[in-house]
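> What follows is a predicted protein model with its sequence.
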Amino acid sequence: MTAAVVAATLLLLRDDPELGHLVDRRSLDAIARSIREPLPGVGWALDRVPWPLLRRAALGLERVVSPGFVAHYALRKHMIRERLLAAIEDGHRQVVLVGAGFDMLSASVPDEARVFEVDLPATQAAKRRAHDFGREIVFVPLDLTRDSLRAALLASPGFDPGRDTVFVAEGLLMYLERPSVEAILADMTELEGRVRLVASVVTPDRRGRVRLHTQRAVVDLCMRLLGERFRWGESPERLEETLAAYGLDLETVSSTAELCGEAKGKRARRPTGEVIVVASGRGRASAVDALAVDVTTTNATSGAPGGPTPLAETGSPA
Ligand SMILES: C[S@@+](CC[C@H](N)C(=O)[O-])C[C@H]1O[C@@H](n2cnc3c(N)ncnc32)[C@H](O)[C@@H]1O
């Protein structure tokens, strides 16, 4: 439900003079089609209510329940797309969009990179029913609270664990409990090539609550009623330690409020507490292989006992 709601906010930007240039307008028709099934009321309104009126009502609602959300979301999308394209430029030619939702980020990925979209089966099925994707995408339906991301990717056609891979987790990790987040980090880094993570992370507010700092209590209530409340969030300092436990170096932490210059006007100036992080590392499977070679060589020459140190089970830092 929240995936459809956040995607629907992009429709408001189609003719937005301050923020419209931040979204990939080619994707908006596809988004409008795919949200009709999860949000039939929005589909009904799109067909019957004159667009200027509908847009004004939606932006009025935004100001009341979560001021600055539309601008934050547009800037978050823009920033993540830039970070993703930089990773591809840097040689990561395997792209895994984890919790892809109804977003059309895949449309921005150059053809030389392979794209995998991971999501809950129901979300993915609704998206796939709605339209044709203009490029090859491998869909990986799974529940990240129960299934292993790594196992699912290894079973997916064309996934190569030796390729440099960029994972995008936008608007996803906050919905999961910490053990699931750590299992995902472990799975991402148990590959053989270089790994880059581009993710949005919610930082706790002054009272330690994991929520967008700008949203009103009514949004907290709605998310709770929908069973889609935020569960995991972390300060940048603790995040650095968490990522390091999985061999990932935290490179950048950015607030969308930093991108004020990208948006014309004041709508982007409220920090929401959700930050965009980029972290990089080498797949730990390659380190284990190297260790195995070293130990074999050592054993062959010195006859010393022992073998490679096994990696910790998925879900625990090595
Ligand atoms: C708020 S949406 C964000 C979608 C998109 N990345 C964006 O930013 O517009 C959260 C996404 O995470 C997915 N998701 C939530 N829990 C999940 C789980 N346990 N396993 C797999 N995907 C999950 C939802 O289906 C949804 O697509």
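Everything's here; your move.

> Which part of the stretch 51-200 of the chain gets nearest to the ligand, residue-wise?
Gly101 (2.4 Å; Cβ to the nearest ligand atom). Where C-beta positions appear, they are placed from N, C-alpha and C, glycine not excepted.

> How about the contacts made by that residue?
Contacts here follow Cβ atoms under 8 Å, 6 or more residues apart in numbering; on that basis Gly101 touches Ala3, Ala4, Val6, Ala7, Asp119, Thr123, Lys127, Gly171.

> With His213 instead?
Asp205, Pro271, Thr272, Gly273.

> burial count for the second one?
The one in question is Pro271. 17 (other Cβ atoms under 10 Å).

> isn't there a helix covering it?
No. Read with DSSP: H, G, I helix; E, B strand; the rest coil, Pro271 is coil and lies in no helix.

> Distance check, it against Leu75.
11 Å (Cβ to Cβ, to the nearest Å).

> and if you look at the third one?
In this structure, Thr272 and Leu75 are separated by 10 Å, where distance is defined by Cβ to Cβ.

> Does Thr165 touch Gly91 like I think?
No. With contacts defined as Cβ atoms under 8 Å, Thr165 does not count as touching Gly91, sitting 10.5 Å away.

> Which neighbours do the two have in common?
Counting by Cβ under 8 Å, 6+ apart, the residues touching both Thr165 and Gly91 are Arg194.

> picking that back up, out of the contacts of Gly101, list just those in strands.
Asp119 (DSSP state E).

> Tabulate the contacts of Gly101 in CSV, adding columns for distance to the ligand, neighbour count and pLDDT.
Converted to CSV, those look like this (distance: Cβ to the nearest ligand atom, whole Å; neighbours: other Cβ atoms under 10 Å; pLDDT from 0 to 100):
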residue, distance to the ligand, neighbour count, pLDDT
Ala3, 4, 24, 85
Ala4, 8, 20, 88
Val6, 5, 20, 83
Ala7, 6, 26, 86
Asp119, 5, 24, 97
Thr123, 4, 20, 91
Lys127, 9, 28, 87
Gly171, 3, 22, 95
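
> Pick out the most distant pair among the contacts of Gly101.
Lys127 and Gly171 (14.7 Å; Cβ to Cβ).
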